[in-house]
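**Q** Structure for this input, please:
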Amino acid sequence: MAKVRAAVVIMGEVQGVSFRYFTRRVALQQRVCGWVRNLPGGEVEALFEGEETDVRTVLDWCRRGPDAARVDAVRVEMRIYTGEFANFEIRR
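**A** Numbers count the residues shown, from 1 in each chain. Sure, this is the predicted structure:
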């Protein structure tokens, strides 16, 4: 299976609803590495690396988000896998 890297921006009502914490939990469950953070404009940005099927599972979850969130759009840019991450972190 191929390893992939996905740069993601999630738009909508996605801050103040524990989106980053749930994203980290889902990523760890799927063995996906990278990070997630809030952006000043109200979006959430993330970078995911791992097996393609695992990353796609996390991306599918991001399109729904936690119950308290309202996801309006998700912008995904697939990039070349680098393997630079050993875990998944919430960045501030």
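**Q** For the rest of this, base every contact and every neighbour count on C-alpha atoms.
**A** Fine.
**Q** Return the residues in contact with Phe19.
**A** By C-alpha atoms under 8 Å, 6 or more residues apart in numbering, the contact set of Phe19 is Val44, Gly65, Pro66, Ala69.
**Q** wait, what's in contact with the last one?
**A** Think Ala69. Taking C-alpha under 8 Å, 6+ apart, we find Ala69 in contact with Gly12, Glu13, Val14, Gln15, Val17, Phe19.
**Q** Out of those residues, the closest to Val76 would be?
**A** Val76 has its nearest neighbour among the contacts of Ala69 in Gly12, at 14.8 Å by C-alpha to C-alpha.
**Q** biggest helix in the protein by residues?
**A** As assigned by DSSP state H, the longest helix anywhere in the chain is helix 52-64.
**Q** got the CA positions of the helix or strand following that helix in CSV?
**A** Counting by DSSP states H and E, the next helix or strand C-terminal to helix 52-64 is strand 70-79. Output of strand 70-79 as CSV, limited to C-alpha atoms (Å, rounded to 0.1, in the frame of the first residue of the first chain):
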residue,chain,number,x,y,z
ARG,A,70,-20.4,22.3,11.1
VAL,A,71,-18.1,21.5,8.3
ASP,A,72,-18.8,23.7,5.2
ALA,A,73,-15.8,22.7,3.1
VAL,A,74,-12.6,20.7,3.2
ARG,A,75,-9.7,21.7,0.9
VAL,A,76,-7.2,18.8,0.4
GLU,A,77,-3.9,18.9,-1.4
MET,A,78,-2.2,15.6,-1.8
ARG,A,79,1.6,15.9,-1.5
